[in-house]
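Novice: here is a sequence together with a model predicted from it:
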Amino acid sequence: MSKPICEVDFNANHLRLNLAFSAKEYAGETPYEDIGEIAGM
């Protein structure tokens, strides 16, 4: 009997996927935190 060990949350990865496919750019370790810091949040 196999048991899943994780679940990929694709909604949380849309920024990384968009940057990777569209701009061929690495989003970094914490892209959402970086955006929040730049926005002053």
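Specialist: Looks like it arrived, so ask away. Residues are numbered from 1 along each chain as shown.

Novice: now do the contacts for Pro31.
Specialist: Residues near Pro31 by Cβ atoms under 8 Å, 6 or more residues apart in numbering: Leu15, Arg16, Leu19. Quick note: C-beta positions are derived from backbone N, CA and C, even for glycine.

Novice: what about it, distance to Met41?
Specialist: Between Pro31 and Met41 the computed distance is 14 Å (Cβ to Cβ, to the nearest Å).

Novice: what does His14 give?
Specialist: Taken as Cβ to Cβ, the span from His14 to Met41 is 19 Å.

Novice: more neighbours, those two?
Specialist: Neighbour count, other Cβ atoms under 10 Å: between His14 and Met41, His14 has more, with 10 against 7.

Novice: mind listing what's buried along the strand or helix carrying Asn18?
Specialist: Element membership for Asn18, per DSSP states H and E: helix 14-18. Counting neighbours by 16 or more other Cβ atoms under 10 Å, one finds that helix 14-18 has no buried residues.
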